[in-house]
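1. Okay, structure incoming, though there's no sequence with it:
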């Protein structure tokens, strides 16, 4: 039994994480934190958890958390996260950081995209990017894992096999991504009000200005050993959860859909959470699961890869528990399947 | 041509009001206000108005507004409204106040429900409640009209005919009302975030604690000459707009549905915005219109009245323009039909 | 390990049932049926099940099902169900029937409300109504259980404690219920199209004409030993899943909210799936769970009970697995908690 | 006053058309048709029209319609439309055909994409494609206009200026389009049920197999005098109405966003229904209007054009009334603005 804590327990990802951990036979939730005063019962913040756990939500320092917990899921926003992680690690806790603070390996790139000087730059180069389908072997020995972003996981899982296999040119890739509103967090903002989102489809961070762009480029470049630079355009959809990516790539040689699907299947053999499907996937079908559904179609020398997942689960809390399982030597699917 | 202003132009009601006024052949929008700095073009606040009007959104005092406009739609929140209205009137403007500040005739009742001492109590007793289907004759000569609330309009239009006709007992009336999220306004709050409302049905202000309760009681009592006290329970629905009221009343004598519908039809003869229908109404069908749809069913000695309207139109901006029309001697339906 | 079958596997309830059974350590899905030709993989009907189970969806007779399975969840529509159940039982299978065919104890009442003569009337009087919170002790020895309806479960769980305790009068109870669209099934109909439901709130089967009315009356009368007759009004909400019931009852004597909540808590002590809460419940919070959340408020001599559950889980598939667990001697919460 | 008929009056487009025509001072609705028996009042089919018009919905032949009406909006499905149009024209009526039957100029292409031999091929080459922003001068004298598709209007309005101006290469254009569910029509189908669409984003007709592809290619090629071939991928969104197109094109020479927006503005000068905006458009903002909102962004040598409109208005019924206005010599904006 591992004593676990969730830092920043008030958001949507934390809620999903707590629900998964309640199903986990090896996890014992010992601390939930927020910066609010008092130690209210968790159901005052997440009413769906009424009666599910007794752990209150407390205003604890990272040092206090490290004393109480062996493993910490850090759901703080970026910047706040890199201020807490060193203390957590120094206190002996293992950490899965769900913020963006440890995903980029280069502090200069981090500062450019996040507008803050990184306060813990020494750890960046060595922190493993926790996408188990690519780097399951690197994760077990780690004390700190950078949990991937939701858009990035979708995009990388859809592209890595084709780029690694040399089927698709690393240049000219277009990722047209669509997200549910929960990806924007639980802090009240005009743009995420019900009325503003209802019946609304729009793009944002157009022209490669979204912060997941450098993350996608970095991971795909690292994994495939070539410089990959994508054009990523996110859209907000009138729904709660789900990421759908429609990806357009140029084939390097004539190939059929069947060949590409076979390659996908071989690549993801033994990976329980990627489903290579023949039909056109739908965010509904991966919602509330840790699956990423992928298929592709070929027309002329363009391949269209279609992939989706639940941004809160496979895009955040689910993959975090995958990482937790791998870091602790548990079966990768524990609490995630069935 | 009447020069009109909208005070508090950033909300959902104001947006609907502006759209209706753009269709009005006798209205010229000369001022839109908000407390933000600068005088941004209105489309920066309401992108749907791009290219529709040139009037900026300015931080004007009530006195400045009264100098510029002959008629003011006051969309300020309560308290703010009663601080502006006396100045507007003193400046010679006619006012339709969409807040709750002039709806209750008794300042003691106002203070009890709104938690503020009324700063303009002398006007309360004489201000006409602007529900044209009940009091069209009182509205024309007025310089100040209290525009009704959305729940209240729905409830009153559904109940006034039956109470006035003596069909239903004034005691024991239950109003189970359902509202879309736009009724909660445009200020970012946790409870009106997309994710919090999606797939969510819940009650609020249960047990007669909603501020529309005294308004319903007062108007129905005044109109019918007997003490009416309803039990009103509002619910929040996962939709943008619409109020649906399911009302349970005790019949004072055996009556058929046909008799009651005939009574409703006679009562609302010549009233263009109440549709007495045979079918079960649906908020969809009155959405984006100034109609209130009403029907009823009888079972045993209970009558169930079902009524709906668009909370932003017939429940706010549309009835405000009805009042504007009546106050200015225009046809009641101008800009509202067809 | 119990070999289980799902008859009528194409609907929404069957899908939820299959998902729960995949998590059940003692259930082995050996048959899924539909009347369509061929034996397509289940993911062609429910894409979310891709890769989750290999059992195809077949056109099997009840006799064939009884040969293969020890336990059958019958998700057929009414009439079809009573034609299959006798054969299933004769073949030695235990049955949880999710249709309405075995819920009413009187064949005359059945025929009146369902418009069909009951073809298996001899079983009606003795079939146990599978609401474990009321009759957990009756369920274990049974070979046939009538699984309750979704509106009925919500209403009964909210009312049974207060009626049994004598707090509320059995006369004059009003149930204003709100349901998500999935309750209307998966057969394409105009009324359940996205566009018809979106932004739409409406009542249906008004004035006590909904088929769940006699079921609520029968169970509450049986359980409390007095004649209970409710006025039940269902509404359709623009959401996928969830039932919310707002129930108005007359108190038989002065009582406080605290007393009533204490009574609820005592009544449901040891019942893992009813959560008596202080806050106002929301369908979101019980969605995707087997919980029914209940609270109440008192005003004057009226009590307002507010209850909600997920119509597909606690209102159908979840309670069916509760019954499966009790009928087979498993822990009641298996596959349902955590 | 023009006597108008709507053929196929039961769908969503017909409903919007009727609502617009009710506001039109020069249109008198004299016939509404459907193939159902009887002549029910229109509100039995469209409850929102209760009390709005007395014209029943009748089962009339095209010849009967032509006798009664001077102008016919043909909202029949393809194939049915080309069977009716010749009779309507022979009977002396002018026709705006909202189906796809007269949009493609080549009967061979029509047969390839629609799977039917065209029964009126002689008219194809000369029928004007009714996109007034491109061909307002061709429309006035016509007796038959092919009303454009919703995806096609969005795509063409977004691309025509840049292609005509030589800014964008006619090769390699990617159109990633997102549509609300109303575009799929009102006939009950599994795929358009509320529950199937809710929380669902998915692509369909992937790899250039959607029937709007040849229409986009044809119109853009005709208009710009060069062969244009786009890769068009439609997606279904969980919303009622709206089309959003994210279009990726290769610039032929270095250009700035400001230059392109200036070109857009010049191109659409005097066109009241295209709004070239600086901000990122949102389907919400063009919903329930006849506007198409367009902007663009430049990154490297890629231009991203973002455009949206209401598929039922500017994408169908609204542009049909624009065509009606132009064909009859009325102001283009009549009944459409303000």
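-> Received the coordinates, thanks. Bear in mind that the values here come from a model prediction, so they are computed numbers and not experimental data.

2. ok, which stretches of chain A are helices?
-> According to DSSP state H, chain A carries its helices in the segments A:12-22, A:62-68, A:80-90, A:107-114, A:132-135, A:150-164, A:194-197, A:212-224, A:257-267, A:283-286, A:318-328.

3. Return the residues in contact with the nearest residue to residue A:237 once chain neighbours are set aside.
-> Spatial nearest neighbour of residue A:237, chain neighbours left out: residue A:178 (5.0 Å); criterion: C-beta to C-beta, 6 or more residues apart in numbering or on different chains. Where you see a C-beta, it was placed from the backbone N, CA and C, and this is true even at glycine. Taking C-beta atoms under 8 Å, 6 or more residues apart in numbering or on different chains as the criterion, residue A:178 is in contact with A:234-237, A:243-246, D:178, D:201, D:235, D:237.

4. So for residue B:154, which of the helices of chain A sits nearest?
-> helix A:194-197 (19.2 Å; C-beta to C-beta).

5. Can the closest one be said to contact chain B?
-> Yes: interface with chain B: helix A:194-197 contributes A:194-197 (C-beta under 8 Å from any C-beta of the partner chain).

6. Same question for stretch A:148-166.
-> No: contact of stretch A:148-166 with chain B (C-beta under 8 Å from any C-beta) is absent, the minimum separation being 14.4 Å.

7. quick one: average pLDDT of that stretch?
-> Throughout stretch A:148-166, pLDDT has a mean value of 97.

8. ok, back up a step: which one of the contacts of residue A:178 sits closest to residue C:50?
-> When these are compared against residue C:50 (criterion: C-beta to C-beta), the nearest one is residue A:244, at 16.1 Å.

9. Could you double-check that the closest one sits in contact with residue A:310?
-> No: between residue A:244 and residue A:310 there is no contact under C-beta atoms under 8 Å: 10.9 Å.

10. Find the residues that touch each one of the two.
-> residue A:283.

11. quick one: contacts for the residue in the stretch 101-250 of chain A positioned nearest to chain B?
-> Residue nearest to chain B within the stretch 101-250 of chain A: residue A:188 (3.8 Å; C-beta to the nearest C-beta). Residues in contact with residue A:188 (C-beta under 8 Å, 6+ apart) are B:188-190, B:192-193.

12. Grab the nearest non-local neighbour of residue A:238.
-> Closest to residue A:238 by C-beta to C-beta, 6+ apart is residue D:239, at 4.9 Å.

13. what's the answer for residue A:41, then?
-> residue A:56 (5.8 Å).

14. now do residue A:90
-> residue A:66 is the one closest to residue A:90 (C-beta to C-beta, 6+ apart), at 7.3 Å.

15. For chain A, list the residues in contact with chain B, please.
-> A:12, A:181-182, A:186, A:188-190, A:192-199, A:238-240.

16. mind redoing it with 10 Å?
-> A:10, A:12, A:47, A:180-200, A:202, A:236, A:238-241, A:312 (C-beta under 10 Å from any C-beta of the partner chain).

17. Quick check: beta-bridge partners of the residue nearest to residue A:65 when sequence neighbours are not counted?
-> Excluding the flanking residues, the one nearest residue A:65 by C-beta to C-beta, 6+ apart is residue A:5, at 4.9 Å. For residue A:5, the beta-bridge partners under DSSP bridges are residue A:31, residue A:72.

18. how near is residue A:5 to chain B?
-> 24 Å (C-beta to the nearest C-beta, to the nearest Å).

19. Would you check that that residue makes contact with residue A:63?
-> No: here residue A:5 does not reach residue A:63: they are 12.0 Å apart, not a contact under C-beta atoms under 10 Å.

20. quick one on the thing from earlier: redo the helices of chain A as a markdown table? Include distance to residue C:52 and mean neighbour count.
-> Shown next, in a markdown table, are the helices of chain A (distance: least, C-beta to C-beta, whole Å; neighbours: other C-beta atoms under 10 Å in any protein chain shown):
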| stretch | distance to residue C:52 | mean neighbour count |
| --- | --- | --- |
| helix A:12-22 | 18 | 23 |
| helix A:62-68 | 37 | 18 |
| helix A:80-90 | 35 | 19 |
| helix A:107-114 | 38 | 16 |
| helix A:132-135 | 19 | 20 |
| helix A:150-164 | 19 | 26 |
| helix A:194-197 | 31 | 25 |
| helix A:212-224 | 29 | 21 |
| helix A:257-267 | 17 | 16 |
| helix A:283-286 | 11 | 26 |
| helix A:318-328 | 16 | 25 |
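
21. ok, the residue nearest to residue A:128 when sequence neighbours are not counted - contacts?
-> Leaving aside its chain neighbours, residue A:128 sits nearest to residue A:138 (4.8 Å; criterion: C-beta to C-beta, 6+ apart). Neighbour list for residue A:138: A:128-132, A:145, A:326 [criterion: C-beta atoms under 10 Å, 6 or more residues apart in numbering or on different chains].

22. Please pick the buried ones from those residues.
-> Using 16 or more other C-beta atoms under 10 Å in any protein chain shown as the burial test, the contacts of residue A:138 include A:128-132, A:145, A:326 as buried.

23. between those, which is closest to chain D?
-> residue A:131 (22.3 Å).

24. who's in contact with the closest one?
-> Residue A:131 neighbours (C-beta under 10 Å, 6+ apart): A:138-139, A:145-148, A:152-153, A:156-157, A:160, A:219, A:223, A:319, A:322-323.

25. same question, residue A:103
-> By C-beta under 10 Å, 6+ apart, the contact set of residue A:103 is A:78, A:97, A:110, A:124, A:127, A:129-130, A:146-149, A:152, A:211-212, A:214-215, A:218-219.

26. same deal with residue A:282?
-> So residue A:282 contacts A:242, A:244, A:293, A:306, A:308, C:47-48, D:191, D:196-197, D:199-204, D:236 (C-beta under 10 Å, 6+ apart).

27. Could you do residue A:301 as well?
-> A:169, A:249-255.

28. so which of those residues comes closest to residue B:268?
-> residue A:249 (62.8 Å).

29. Show me what counts as buried in stretch A:174-186.
-> So for stretch A:174-186, counting by 16+ other C-beta under 10 Å, buried means A:174-184, A:186.

30. Okay, and which of those map to strands?
-> A:174-179 (DSSP state E).

31. Of the residues you listed, which is the nearest to chain D?
-> Nearest to chain D among these, counting by C-beta to the nearest C-beta, is residue A:176 at 4.1 Å.

32. Bridged to that closest one, which residues?
-> residue A:233, residue A:246.

33. And it, how close does it get to residue A:170?
-> Relative to residue A:170, residue A:176 is positioned 18 Å away (C-beta to C-beta, to the nearest Å).

34. cool, residue A:13 as well?
-> 31 Å.

35. Next: residue A:15.
-> From residue A:15 to residue A:170 the distance is 38 Å (C-beta to C-beta).

36. Excluding residues flanking it in the chain, which one is nearest residue A:284?
-> residue D:200 (4.0 Å).

37. show me what contacts that neighbour?
-> Per C-beta under 10 Å, 6+ apart, neighbours of residue D:200: A:237, A:239, A:242, A:244, A:282-285, A:287, A:308, C:194, D:181, D:191, D:236-238.

38. Now render the ones in strands among the buried residues of stretch A:174-186 as a markdown table, adding pLDDT.
-> Output for those, formatted as a markdown table (pLDDT from 0 to 100):
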| residue | pLDDT |
| --- | --- |
| A:174 | 98 |
| A:175 | 98 |
| A:176 | 98 |
| A:177 | 98 |
| A:178 | 98 |
| A:179 | 98 |
